[in-house]
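K.L.:
sequence isn't available, so here's the structure alone:
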(Lines give C-alpha, C1' and ligand atoms only; values in the text may rest on other atoms or scores of the structure.)
Protein backbone atom coordinates (compact mmCIF):
# COMPACT_ATOMS: atom_id res chain seq x y z
CA UNK A 1 0.00 0.00 0.00
CA UNK A 2 1.08 3.59 -0.61
CA UNK A 3 1.36 5.96 2.34
CA UNK A 4 -1.84 7.74 1.26
CA UNK A 5 -3.74 4.49 0.93
CA UNK A 6 -2.48 3.31 4.30
CA UNK A 7 -3.56 6.56 5.98
CA UNK A 8 -7.00 6.21 4.41
CA UNK A 9 -7.19 2.59 5.52
CA UNK A 10 -6.17 3.49 9.06
CA UNK A 11 -8.98 6.04 9.27
CA UNK A 12 -11.33 3.50 7.71
CA UNK A 13 -10.55 0.84 10.31
CA UNK A 14 -10.57 3.24 13.23
CA UNK A 15 -14.12 4.29 12.33
CA UNK A 16 -15.13 0.66 11.97
CA UNK A 17 -13.72 -0.93 15.11
CA UNK A 18 -14.11 1.70 17.82
CA UNK A 19 -16.86 0.28 20.02
CA UNK A 20 -18.66 1.13 23.28
CA UNK A 21 -17.32 -2.14 24.69
CA UNK A 22 -14.03 -0.32 25.15
CA UNK A 23 -15.69 2.16 27.50
CA UNK A 24 -17.41 -0.61 29.45
CA UNK A 25 -14.19 -2.61 29.68
CA UNK A 26 -12.56 0.30 31.50
CA UNK A 27 -15.37 1.24 33.89
CA UNK A 28 -17.30 -1.98 34.21
CA UNK A 29 -15.16 -4.39 36.22
CA UNK A 30 -16.59 -5.75 39.46
CA UNK A 31 -20.22 -5.69 38.37
CA UNK A 32 -22.49 -6.48 41.35
CA UNK A 33 -24.68 -9.58 41.32
CA UNK A 34 -27.97 -9.11 39.47
CA UNK A 35 -29.95 -9.40 42.72
CA UNK A 36 -28.04 -6.41 44.15
CA UNK A 37 -28.87 -4.05 41.29
CA UNK A 38 -31.94 -1.98 40.53
CA UNK A 39 -33.41 -3.22 37.29
CA UNK A 40 -32.46 0.04 35.53
CA UNK A 41 -28.80 -0.50 36.47
CA UNK A 42 -28.51 -3.85 34.70
CA UNK A 43 -26.41 -3.56 31.54
CA UNK A 44 -25.93 -7.01 29.97
CA UNK A 45 -23.58 -5.65 27.28
CA UNK A 46 -20.76 -5.37 29.81
CA UNK A 47 -18.01 -7.74 28.62
CA UNK A 48 -16.85 -8.45 32.19
CA UNK A 49 -20.06 -10.45 32.77
CA UNK A 50 -19.04 -12.82 30.00
CA UNK A 51 -15.40 -13.24 30.87
CA UNK A 52 -16.49 -14.02 34.45
CA UNK A 53 -19.41 -16.23 33.25
CA UNK A 54 -21.89 -14.25 35.36
CA UNK A 55 -24.35 -13.18 32.67
CA UNK A 56 -27.04 -15.75 33.50
CA UNK A 57 -28.79 -14.02 36.43
CA UNK A 58 -28.70 -10.63 34.74
CA UNK A 59 -30.62 -11.95 31.77
CA UNK A 60 -32.95 -14.02 33.94
CA UNK A 61 -34.04 -10.86 35.76
CA UNK A 62 -34.54 -8.98 32.52
CA UNK A 63 -36.66 -11.74 30.97
CA UNK A 64 -38.99 -11.66 33.98
CA UNK A 65 -39.00 -7.99 34.96
CA UNK A 66 -38.03 -5.95 31.90
CA UNK A 67 -37.74 -8.00 28.69
CA UNK A 68 -37.31 -4.90 26.49
CA UNK A 69 -34.70 -3.13 28.59
CA UNK A 70 -33.29 0.36 28.09
CA UNK A 71 -29.70 1.48 28.65
CA UNK A 72 -27.87 4.63 27.70
CA UNK A 73 -24.14 5.29 27.87
CA UNK A 74 -22.07 8.16 26.53
CA UNK A 75 -20.41 6.38 23.63
CA UNK A 76 -23.37 4.28 22.39
CA UNK A 77 -26.28 6.53 23.27
CA UNK A 78 -29.66 4.80 23.52
CA UNK A 79 -29.94 1.03 23.16
CA UNK A 80 -32.37 -1.71 24.11
CA UNK A 81 -31.72 -5.28 25.20
CA UNK A 82 -34.28 -7.68 23.71
CA UNK A 83 -34.20 -10.79 25.90
CA UNK A 84 -37.33 -12.90 25.24
CA UNK A 85 -37.53 -15.47 22.46
CA UNK A 86 -40.69 -14.09 20.82
CA UNK A 87 -39.42 -10.50 20.83
CA UNK A 88 -36.04 -11.49 19.37
CA UNK A 89 -37.77 -13.29 16.52
CA UNK A 90 -40.09 -10.33 15.95
CA UNK A 91 -37.14 -7.93 15.60
CA UNK A 92 -35.01 -10.31 13.53
CA UNK A 93 -37.93 -10.97 11.17
CA UNK A 94 -38.72 -7.30 10.44
CA UNK A 95 -35.75 -5.86 8.53
CA UNK A 96 -37.74 -2.85 7.32
CA UNK A 97 -38.35 -1.57 10.87
CA UNK A 98 -35.11 -2.89 12.36
CA UNK A 99 -32.24 -2.37 9.94
CA UNK A 100 -28.82 -4.06 9.82
CA UNK A 101 -27.24 -1.34 7.69
CA UNK A 102 -25.66 0.60 10.55
CA UNK A 103 -23.86 -2.43 11.96
CA UNK A 104 -24.43 -5.70 13.81
CA UNK A 105 -22.65 -4.91 17.10
CA UNK A 106 -23.32 -2.15 19.61
CA UNK A 107 -22.08 0.98 17.86
CA UNK A 108 -21.13 4.57 18.42
CA UNK A 109 -23.87 7.13 19.04
CA UNK A 110 -22.72 9.50 16.30
CA UNK A 111 -23.06 6.75 13.70
CA UNK A 112 -26.36 5.34 14.93
CA UNK A 113 -27.94 8.81 15.12
CA UNK A 114 -26.78 10.01 11.73
CA UNK A 115 -28.96 10.30 8.63
CA UNK A 116 -26.51 8.10 6.72
CA UNK A 117 -28.15 4.79 5.91
CA UNK A 118 -24.94 2.79 6.29
CA UNK A 119 -22.11 2.69 8.81
CA UNK A 120 -18.74 4.05 7.71
CA UNK A 121 -15.79 1.73 7.29
CA UNK A 122 -16.08 -2.03 7.05
CA UNK A 123 -19.18 -3.18 5.18
CA UNK A 124 -20.47 -6.75 5.18
CA UNK A 125 -23.56 -8.18 3.57
CA UNK A 126 -24.85 -9.21 7.00
CA UNK A 127 -24.82 -5.47 7.80
CA UNK A 128 -26.99 -4.62 4.81
CA UNK A 129 -30.67 -4.68 3.98
CA UNK A 130 -32.30 -5.92 0.77
CA UNK A 131 -31.72 -5.65 -2.12
CA UNK A 132 -27.93 -5.28 -1.59
CA UNK A 133 -27.93 -7.97 1.11
CA UNK A 134 -29.80 -10.44 -1.09
CA UNK A 135 -27.50 -9.97 -4.08
CA UNK A 136 -24.21 -10.26 -2.16
CA UNK A 137 -25.34 -13.23 -0.05
CA UNK A 138 -26.42 -15.04 -3.22
CA UNK A 139 -22.85 -14.72 -4.53
CA UNK A 140 -21.44 -17.12 -1.94
CA UNK A 141 -24.36 -19.25 -0.80
CA UNK A 142 -23.55 -22.21 -3.08
CA UNK A 143 -20.60 -23.05 -0.79
CA UNK A 144 -23.09 -24.46 1.73
CA UNK A 145 -25.36 -26.20 -0.78
CA UNK A 146 -26.25 -29.83 0.08
CA UNK A 147 -24.23 -31.12 -2.87
CA UNK A 148 -21.09 -29.37 -1.64
CA UNK A 149 -21.63 -30.64 1.91
CA UNK A 150 -21.71 -34.19 0.53
CA UNK A 151 -18.48 -33.51 -1.33
CA UNK A 152 -16.57 -32.13 1.65
CA UNK A 153 -17.82 -34.56 4.33
CA UNK A 154 -15.16 -37.24 3.63
CA UNK A 155 -12.40 -34.61 3.83
CA UNK A 156 -13.76 -33.26 7.15
CA UNK A 157 -13.89 -36.77 8.56
CA UNK A 158 -10.37 -37.63 7.42
CA UNK A 159 -8.90 -34.51 9.00
CA UNK A 160 -10.87 -35.06 12.20
CA UNK A 161 -9.69 -38.65 12.58
CA UNK A 162 -6.06 -37.69 11.96
CA UNK A 163 -6.19 -34.97 14.57
CA UNK A 164 -7.99 -37.04 17.20
CA UNK A 165 -5.56 -39.91 16.67
CA UNK A 166 -2.67 -37.55 17.36
CA UNK A 167 -3.93 -36.33 20.76
CA UNK A 168 -1.76 -37.23 23.76
CA UNK A 169 -3.21 -39.63 26.33
CA UNK A 170 -2.77 -38.96 30.04
CA UNK A 171 -1.42 -35.48 29.40
CA UNK A 172 -3.27 -32.20 29.88
CA UNK A 173 -3.59 -30.07 26.74
CA UNK A 174 -5.69 -27.11 25.56
CA UNK A 175 -8.74 -28.36 23.66
CA UNK A 176 -9.40 -24.90 22.21
CA UNK A 177 -6.11 -24.53 20.39
CA UNK A 178 -5.32 -28.18 19.71
CA UNK A 179 -8.71 -29.32 18.43
CA UNK A 180 -11.37 -26.62 18.03
CA UNK A 181 -9.21 -23.96 16.39
CA UNK A 182 -7.25 -26.44 14.29
CA UNK A 183 -10.31 -28.19 12.84
CA UNK A 184 -12.23 -25.01 12.12
CA UNK A 185 -9.18 -23.30 10.61
CA UNK A 186 -8.53 -26.26 8.32
CA UNK A 187 -12.15 -26.00 7.20
CA UNK A 188 -11.88 -22.25 6.64
CA UNK A 189 -8.68 -22.58 4.64
CA UNK A 190 -10.41 -25.11 2.41
CA UNK A 191 -13.48 -22.91 1.85
CA UNK A 192 -11.23 -19.96 0.93
CA UNK A 193 -8.65 -22.11 -0.90
CA UNK A 194 -6.26 -20.32 1.43
CA UNK A 195 -2.60 -21.40 1.68
CA UNK A 196 -2.56 -24.09 4.35
CA UNK A 197 0.80 -23.03 5.75
CA UNK A 198 -0.72 -19.62 6.61
CA UNK A 199 -4.06 -20.89 7.89
CA UNK A 200 -3.53 -19.65 11.46
CA UNK A 201 -3.58 -16.11 10.07
CA UNK A 202 -7.31 -16.64 9.60
CA UNK A 203 -7.69 -17.45 13.28
CA UNK A 204 -5.67 -14.40 14.26
CA UNK A 205 -7.67 -12.01 12.09
CA UNK A 206 -10.91 -13.43 13.44
CA UNK A 207 -9.71 -13.06 17.03
CA UNK A 208 -8.60 -9.46 16.70
CA UNK A 209 -11.70 -8.19 14.89
CA UNK A 210 -13.84 -8.07 18.04
CA UNK A 211 -11.01 -7.96 20.56
CA UNK A 212 -11.02 -5.14 23.12
CA UNK A 213 -7.53 -3.58 23.19
CA UNK A 214 -5.73 -3.63 26.54
CA UNK A 215 -2.71 -4.94 28.44
CA UNK A 216 -2.50 -8.73 28.26
CA UNK A 217 -5.36 -8.94 25.78
CA UNK A 218 -5.52 -10.31 22.24
CA UNK A 219 -4.22 -6.91 21.10
CA UNK A 220 -2.53 -4.34 23.31
CA UNK A 221 -3.66 -1.19 21.48
CA UNK A 222 -6.14 0.03 18.91
CA UNK A 223 -3.24 0.80 16.56
CA UNK A 224 -1.99 -2.79 16.77
CA UNK A 225 -5.47 -3.94 15.85
CA UNK A 226 -5.55 -1.63 12.84
CA UNK A 227 -2.05 -2.64 11.72
CA UNK A 228 -2.92 -6.34 11.74
CA UNK A 229 -6.13 -5.77 9.83
CA UNK A 230 -4.12 -3.85 7.22
CA UNK A 231 -1.97 -6.97 6.85
CA UNK A 232 -5.19 -8.89 6.22
CA UNK A 233 -6.16 -6.42 3.47
CA UNK A 234 -2.77 -6.81 1.79
CA UNK A 235 -2.87 -10.60 1.94
CA UNK A 236 -6.35 -10.89 0.45
CA UNK A 237 -5.65 -8.30 -2.26
CA UNK A 238 -3.07 -10.75 -3.58
CA UNK A 239 -5.53 -13.65 -3.45
CA UNK A 240 -8.20 -11.60 -5.22
CA UNK A 241 -5.85 -10.74 -8.08
CA UNK A 242 -4.93 -14.41 -8.43
CA UNK A 243 -8.57 -15.65 -8.41
CA UNK A 244 -9.70 -13.09 -10.96
CA UNK A 245 -7.25 -14.73 -13.34
CA UNK A 246 -7.75 -18.32 -12.19
CA UNK A 247 -11.11 -18.71 -10.41
CA UNK A 248 -12.05 -21.87 -8.56
CA UNK A 249 -14.94 -23.08 -6.39
CA UNK A 250 -14.03 -21.15 -3.26
CA UNK A 251 -15.26 -18.10 -1.37
CA UNK A 252 -12.50 -15.77 -2.57
CA UNK A 253 -13.19 -16.68 -6.20
CA UNK A 254 -16.92 -16.19 -5.70
CA UNK A 255 -16.44 -12.72 -4.19
CA UNK A 256 -13.79 -11.72 -6.73
CA UNK A 257 -15.96 -12.64 -9.71
CA UNK A 258 -19.57 -12.36 -8.53
CA UNK A 259 -21.67 -9.71 -10.29
CA UNK A 260 -22.72 -8.10 -6.99
CA UNK A 261 -19.27 -8.16 -5.40
CA UNK A 262 -16.52 -8.05 -8.05
CA UNK A 263 -16.33 -4.25 -8.22
CA UNK A 264 -16.35 -3.59 -4.46
CA UNK A 265 -13.21 -1.68 -3.32
CA UNK A 266 -10.65 -3.86 -1.48
CA UNK A 267 -11.24 -2.31 1.94
CA UNK A 268 -14.98 -2.90 1.68
CA UNK A 269 -14.49 -6.35 0.20
CA UNK A 270 -12.59 -7.15 3.38
CA UNK A 271 -15.83 -6.79 5.32
CA UNK A 272 -17.37 -9.79 3.59
CA UNK A 273 -14.19 -11.78 4.04
CA UNK A 274 -14.03 -11.02 7.76
CA UNK A 275 -17.71 -11.90 8.11
CA UNK A 276 -17.08 -15.30 6.52
CA UNK A 277 -13.93 -15.83 8.61
CA UNK A 278 -15.72 -15.04 11.89
CA UNK A 279 -18.78 -17.03 10.85
CA UNK A 280 -16.66 -20.07 10.08
CA UNK A 281 -14.20 -19.71 12.94
CA UNK A 282 -15.63 -18.22 16.13
CA UNK A 283 -19.01 -19.90 15.98
CA UNK A 284 -17.95 -23.47 15.21
CA UNK A 285 -14.85 -23.50 17.36
CA UNK A 286 -16.67 -22.14 20.44
CA UNK A 287 -19.54 -24.59 20.06
CA UNK A 288 -17.06 -27.43 19.58
CA UNK A 289 -15.36 -26.42 22.83
CA UNK A 290 -18.71 -25.81 24.50
CA UNK A 291 -19.80 -29.35 23.71
CA UNK A 292 -16.85 -30.77 25.68
CA UNK A 293 -17.37 -28.34 28.55
CA UNK A 294 -21.15 -28.84 28.62
CA UNK A 295 -20.98 -32.64 28.66
CA UNK A 296 -18.52 -32.46 31.56
CA UNK A 297 -20.76 -29.98 33.38
CA UNK A 298 -23.71 -32.36 32.90
CA UNK A 299 -22.06 -35.80 33.13
CA UNK A 300 -25.41 -37.62 33.06
CA UNK A 301 -25.81 -36.34 29.51
CA UNK A 302 -22.33 -37.57 28.63
CA UNK A 303 -23.32 -41.01 29.95
CA UNK A 304 -26.46 -41.00 27.78
CA UNK A 305 -24.42 -40.06 24.72
CA UNK A 306 -21.87 -42.83 25.31
CA UNK A 307 -24.69 -45.34 25.78
CA UNK A 308 -26.52 -44.17 22.67
CA UNK A 309 -24.39 -42.47 20.00
CA UNK A 310 -27.52 -41.87 17.92
CA UNK A 311 -28.17 -38.96 20.29
CA UNK A 312 -25.42 -37.02 18.47
CA UNK A 313 -28.12 -35.90 16.05
CA UNK A 314 -29.86 -34.08 18.91
CA UNK A 315 -26.69 -33.09 20.75
CA UNK A 316 -25.72 -30.84 17.83
CA UNK A 317 -28.69 -28.39 17.91
CA UNK A 318 -28.87 -28.60 21.71
CA UNK A 319 -25.25 -27.64 22.30
CA UNK A 320 -25.61 -24.85 19.73
CA UNK A 321 -28.57 -23.60 21.80
CA UNK A 322 -26.82 -24.05 25.14
CA UNK A 323 -23.57 -22.41 24.05
CA UNK A 324 -24.94 -19.71 21.69
CA UNK A 325 -21.53 -18.75 20.24
CA UNK A 326 -22.53 -15.23 19.18
CA UNK A 327 -24.39 -13.68 22.11
CA UNK A 328 -26.33 -11.06 20.18
CA UNK A 329 -26.86 -9.21 16.93
CA UNK A 330 -27.77 -5.55 16.71
CA UNK A 331 -30.42 -3.77 14.68
CA UNK A 332 -31.19 -0.03 14.38
CA UNK A 333 -34.75 1.31 14.34
CA UNK A 334 -35.65 3.02 11.07
CA UNK A 335 -38.69 4.77 12.58
CA UNK A 336 -40.44 5.38 15.88
CA UNK A 337 -42.18 2.17 16.90
CA UNK A 338 -43.34 0.12 19.89
CA UNK A 339 -42.01 -3.19 21.16
CA UNK A 340 -43.12 -4.96 24.30
CA UNK A 341 -44.98 -1.86 25.45
CA UNK A 342 -41.83 0.30 25.15
CA UNK A 343 -41.49 3.31 22.85
CA UNK A 344 -38.56 2.74 20.50
CA UNK A 345 -37.25 5.90 18.83
CA UNK A 346 -35.83 6.17 15.33
CA UNK A 347 -32.07 5.42 15.42
CA UNK A 348 -32.30 3.53 18.74
CA UNK A 349 -30.08 0.46 18.73
CA UNK A 350 -31.60 -2.92 19.63
CA UNK A 351 -29.50 -5.86 20.79
CA UNK A 352 -31.21 -9.15 20.00
CA UNK A 353 -29.80 -11.35 22.72
CA UNK A 354 -29.84 -14.82 21.15
CA UNK A 355 -28.08 -16.01 24.29
CA UNK A 356 -31.05 -14.97 26.41
CA UNK A 357 -33.72 -16.10 23.93
CA UNK A 358 -32.15 -19.56 23.99
CA UNK A 359 -32.53 -19.55 27.79
CA UNK A 360 -36.21 -18.50 27.71
CA UNK A 361 -38.13 -20.90 29.95
CA UNK A 362 -41.35 -20.14 28.05
CA UNK A 363 -39.82 -22.01 25.11
CA UNK A 364 -37.13 -24.28 26.58
CA UNK A 365 -37.93 -26.09 29.83
CA UNK A 366 -34.96 -26.17 32.24
CA UNK A 367 -33.21 -24.00 29.70
CA UNK A 368 -29.96 -23.64 31.64
CA UNK A 369 -29.42 -27.41 31.46
CA UNK A 370 -27.76 -29.17 28.54
CA UNK A 371 -30.35 -31.83 27.64
CA UNK A 372 -29.37 -33.94 24.64
CA UNK A 373 -32.89 -35.43 24.52
CA UNK A 374 -34.60 -32.02 24.36
CA UNK A 375 -37.41 -32.35 21.84
CA UNK A 376 -37.36 -28.75 20.58
CA UNK A 377 -33.63 -28.04 20.50
CA UNK A 378 -33.87 -27.20 16.80
CA UNK A 379 -35.89 -24.08 17.69
CA UNK A 380 -32.71 -22.43 18.97
CA UNK A 381 -31.95 -18.96 17.61
CA UNK A 382 -28.15 -19.13 17.58
CA UNK A 383 -28.16 -18.90 13.78
CA UNK A 384 -30.59 -15.99 13.76
CA UNK A 385 -33.98 -15.78 12.10
CA UNK A 386 -35.30 -14.36 8.84
CA UNK A 387 -33.24 -13.03 5.94
CA UNK A 388 -29.99 -13.08 7.94
CA UNK A 389 -30.23 -16.74 9.02
CA UNK A 390 -26.66 -18.04 9.13
CA UNK A 391 -25.58 -19.20 5.68
CA UNK A 392 -22.96 -21.57 7.11
CA UNK A 393 -25.21 -23.27 9.66
CA UNK A 394 -25.18 -26.63 7.85
CA UNK A 395 -21.38 -26.67 7.62
CA UNK A 396 -21.13 -25.95 11.36
CA UNK A 397 -23.61 -28.72 12.17
CA UNK A 398 -21.74 -31.14 9.92
CA UNK A 399 -18.42 -30.43 11.64
CA UNK A 400 -19.93 -30.89 15.10
CA UNK A 401 -21.64 -34.14 14.14
CA UNK A 402 -18.48 -35.62 12.66
CA UNK A 403 -16.21 -34.63 15.56
CA UNK A 404 -18.51 -36.33 18.08
CA UNK A 405 -18.99 -39.44 15.93
CA UNK A 406 -15.21 -39.83 15.84
CA UNK A 407 -14.70 -38.90 19.52
CA UNK A 408 -17.06 -41.64 20.69
CA UNK A 409 -15.21 -44.22 18.56
CA UNK A 410 -11.86 -43.38 20.16
CA UNK A 411 -12.24 -42.12 23.72
CA UNK A 412 -14.02 -43.39 26.77
CA UNK A 413 -14.00 -39.83 28.09
CA UNK A 414 -12.70 -36.31 27.52
CA UNK A 415 -12.32 -34.77 30.97
CA UNK A 416 -11.81 -31.10 31.75
CA UNK A 417 -9.04 -30.40 34.26
CA UNK A 418 -9.99 -26.84 35.22
CA UNK A 419 -12.55 -24.16 34.44
CA UNK A 420 -12.05 -22.56 31.02
CA UNK A 421 -10.67 -19.11 30.37
CA UNK A 422 -13.39 -17.20 28.56
CA UNK A 423 -13.23 -14.58 25.81
CA UNK A 424 -13.46 -10.94 26.95
CA UNK A 425 -16.42 -9.92 24.80
CA UNK A 426 -20.17 -9.49 25.04
CA UNK A 427 -20.52 -10.37 21.34
CA UNK A 428 -18.41 -13.51 20.88
CA UNK A 429 -19.45 -15.97 23.58
CA UNK A 430 -16.49 -18.26 23.64
CA UNK A 431 -13.42 -19.85 25.19
CA UNK A 432 -9.78 -18.84 25.12
CA UNK A 433 -8.55 -22.02 26.82
CA UNK A 434 -9.96 -25.33 28.09
CA UNK A 435 -7.51 -27.79 29.70
CA UNK A 436 -8.51 -31.44 29.16
CA UNK A 437 -7.21 -35.00 29.19
CA UNK A 438 -8.41 -37.87 27.02
CA UNK A 439 -8.70 -41.58 27.78
CA UNK A 440 -8.61 -43.91 24.79
CA UNK A 441 -10.70 -46.99 24.36
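P.N.:
Arrived safely. Worth saying up front: this structure is predicted, and the values here are computed from it rather than measured. Numbering: from 1, shown residues only.
K.L.:
which outside residues touch stretch 188-197?
P.N.:
With contacts defined as CB atoms under 8 Å, 6 or more residues apart in numbering, stretch 188-197 is touched by 143, 152, 155, 186, 199, 202, 239, 243, 248, 250-253, 276-277, 280-281, 395. (C-beta placed from N, C-alpha, C; glycine too.)
K.L.:
residue nearest the centroid of the chain?
P.N.:
residue 326 (3.7 Å; CA atoms, centre = their mean).
K.L.:
how far away is that one from residue 425?
P.N.:
10 Å (CB to CB, to the nearest Å).
K.L.:
give the ChimeraX command for selecting the buried subset of the contacts of stretch 188-197.
P.N.:
Selecting the buried subset of these in ChimeraX, with 16 or more other CB atoms under 10 Å as the burial test, is done by:
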select :143,152,186,199,202,239,243,250,251,252,253,276,277,280,281,395
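K.L.:
take the contacts of stretch 188-197 and keep only those in helices.
P.N.:
152, 155, 186, 202, 239, 243, 251-253, 276-277, 280-281, 395 (DSSP state H).
K.L.:
pretty sure residue 160 is touching residue 401, no?
P.N.:
No. With contact defined as CB atoms under 8 Å, residue 160 does not reach residue 401; the gap is 10.3 Å.
K.L.:
tell me where the protein has strands.
P.N.:
Along the chain, the segments classed as strands by DSSP state E run 68-73, 77-82, 98-99, 173-174, 329-333, 337-339, 342-344, 349-352, 411-416, 421-422, 431-433, 435-440.
K.L.:
which one of the ones you listed is the most hemmed in?
P.N.:
Among the strands of the chain, ranked by average contacts under mean count of other CB atoms under 10 Å, first place goes to strand 349-352 (a mean of 27).
K.L.:
now do the same end-to-end measure for stretch 356-366.
P.N.:
End-to-end distance of stretch 356-366 (CA to CA, to the nearest Å): 13 Å.
K.L.:
and stretch 288-308, by the same measure?
P.N.:
End-to-end for stretch 288-308, by CA to CA: 19 Å.
K.L.:
what comes up buried for it?
P.N.:
Across stretch 288-308, burial judged by 16+ other CB under 10 Å covers 288-296, 298, 301-302, 304-305.
K.L.:
so where is this structure shaky, pLDDT-wise?
P.N.:
Across the chain, the ranges flagged by pLDDT under 70 are 1-29, 110-145, 266-268.
K.L.:
about what we covered before: and residue 160 and residue 401? Which one has more around it.
P.N.:
residue 160 (22 against 17; other CB atoms under 10 Å).
K.L.:
state the distance from the more buried one to residue 188.
P.N.:
In this view, residue 160 and residue 188 are 15 Å apart by CB to CB.
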